[in-house]
Each structure stands twice: as C-alpha cells, then as structure tokens.
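Enquirer: how does the following fold in three dimensions:
(chains A and B)
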Amino acid sequence: DTGVSQDPRHKITKRGQNVTFRCDPISEHNRLYWYRQTLGQGPEFLTYFQNEAQLEKSRLLSDRFSAERPKGSFSTLEIQRTEQGDSAMYLCASSRGEGNQPQHFGDGTRLSIL
Amino acid sequence: GENVGLHLPTLSVQEGDNSIINCAYSNSASDYFIWYKQESGKGPQFIIDIRSNMDKRQGQRVTVLLNKTVKHLSLQIAATQPGDSAVYFCAETITGFQKLVFGTGTRLLVSP
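Expert: Model (predicted):
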C-alpha cells in the first residue's frame, strides 16, 4: 500500500524565489489537504481539495500561495516571492471522501529560505 | 518534521509502563477526533480516531477516551516501548468541515 508521497523532501532557496512542491496522495483517496508546520507546533491547515475542486482555503494562504490539483490526482503547492517567514515543513495529507475519514500524511517538504 | 517537539510538554516513562497522554480540545462543536504520532523528520502518522457518539475506542495497545463534558481526550498506550517515543498530537474537526485543528502536542520519551 503506497502512502502519501511528497517531493522534494528538502528545498533550500533564496528569498524572493518561487518554489513548487508536489504531493501524490493515496490512489483511492479523493480528498487532498495541505498543511504547514513550524518548529514545536502542530500542523496548520492551508487548503483542501475534493477531486480537482479547491473547496476551502485558510487565511494563512496569502496571495503568494497557490495550490492546484488539475486532474484530481496529484497536487502542487507553489509559493511565489518567498519570504523568511515561509520557512516551514509543508505537509500533504489525503483521505477517502465519505463522511469522517482519517487524514493520512506524507513526510513533508522542508522549506528553508536563506 | 525535524525537531518536532521543541519546548513541548514531555512525558517520560519506563519501557513496559502504561502511558497516558492528555489533550484539551478547543471547540465544543467538534465531533471527530484523531490521535497522531510524529517522529522526527516524518509526517504525522494516524494512530486511532473516535467520533463524538462514543466515549471510548480501543486499538492495538492503544485506547482513546473522550469526555465531551470537559472537552478532554486521552490516549492510553499499554506496555510502552522505546519505539513509541515521538510527539503525539490530538486533532479535532467538525463533520462537514475538512480542516483538522491540532493540539499543542506532547513528547513521549520511553527509557529502556
């Protein structure tokens, strides 16, 4: 059983650069979520997709952030004009679409802004 | 992720002891709760979930208790092993809303 896969695992970039992360959910899961986690904190919700539709976005998701799930399978999260405060672990999760289902997380992409 | 658990409450136990990790959740409307285990450098790993129409649920070596009156969750781990050392998070949500809200987290340290 293949879990949630995220790529890259680590990304180091200079302030002002654009970065893009990819998430491949568990294959039969039609819900996909992005979270951000900083040191010593629990994950914070960013956005959620049901199939290809982005249904909810957090206020944490500024205009510099955009997420897509064009075919209802993998998803990308892009951050434009990165800032120091964007340094965090970006986690992707997926779940089945019926009722309350546990979200299963990938191992994240750790972003470091120089 | 890496260095998860800086400045978190810590529970230290001996191998073989039973562990109890507590969580106070924030929203009285929350009706679905999940416990996650997070090891350094990894994402949260699902342990067990419980719906608000239950007050107890058991898994393999783990039991979750829910007290809606005082908005409290606990995770009991039986016969704790060194491999159980990690940060544990409770998360809550409301049916129909997909956002999970995570608690502060507790670091569990198990000594051989």
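
Enquirer: which non-adjacent residue is nearest the residue nearest in space to the middle of chain A?
Expert: Nearest to the mean C-alpha position of chain A, counting by C-alpha atoms, centre = their mean, stands residue A:34 at 3.3 Å. Leaving aside its sequence neighbours, residue A:34 sits nearest to residue A:46 (C-beta to C-beta, 6 or more residues apart in numbering or on different chains; 4.3 Å). In this view, the C-beta of every residue, glycine as well, is placed from N, C-alpha and C.

Enquirer: just residue B:31 next, same as before
Expert: Nearest non-adjacent residue to residue B:31, counting by C-beta to C-beta, 6+ apart: residue B:52, 3.9 Å away.

Enquirer: I figured that neighbour was touching residue B:66, is that so?
Expert: Yes: the criterion here is C-beta atoms under 8 Å, and residue B:52 meets it with residue B:66 at 6.9 Å.

Enquirer: out of those two, which sits in the more crowded spot?
Expert: residue B:66 (20 against 16; other C-beta atoms under 10 Å in any protein chain shown).

Enquirer: quick check on that one: phi, psi?
Expert: phi -120, psi 130 (degrees, to the nearest 10).

Enquirer: ok, the one 5 residues further on next?
Expert: In terms of degrees, to the nearest 10, the main-chain angles of residue B:71 are phi 50, psi 60.

Enquirer: just to revisit the earlier point, residue contacts, the residue nearest to residue A:34?
Expert: A:33-36, A:57-58, A:60-61, A:65, A:67, A:77, A:90 (C-beta atoms under 8 Å, 6 or more residues apart in numbering or on different chains).

Enquirer: any of those residues buried? List them.
Expert: A:33-36, A:58, A:61, A:65, A:67, A:77, A:90 (16 or more other C-beta atoms under 10 Å in any protein chain shown).

Enquirer: before we move on, back to that, which residues does the residue nearest to the centre of chain A bridge with?
Expert: As for beta bridges, residue A:34 partners with residue A:47, residue A:92 under DSSP bridges.

Enquirer: relative to residue A:49, how far out is it?
Expert: Distance, residue A:34 to residue A:49, by C-beta to C-beta, to the nearest Å: 9 Å.

Enquirer: between these two, which contacts overlap?
Expert: The contact lists of residue A:34 and residue A:49 share A:67, A:75, where a contact means C-beta under 8 Å, 6+ apart.

Enquirer: okay, strands next: where are they in the chain?
Expert: In the absence of a named chain, chain A is used. In chain A, strands defined by DSSP state E lie at A:5-7, A:10-13, A:19-24, A:31-37, A:44-50, A:53-57, A:65-68, A:75-79, A:88-95, A:104-105, A:109-113, listed in chain order.

Enquirer: if you could check chain B rather than the one you did, that'd help
Expert: Using DSSP E, strands in chain B cover B:10-14, B:19-24, B:32-38, B:45-51, B:56-58, B:62-67, B:72-77, B:86-93, B:101-102, B:106-111.
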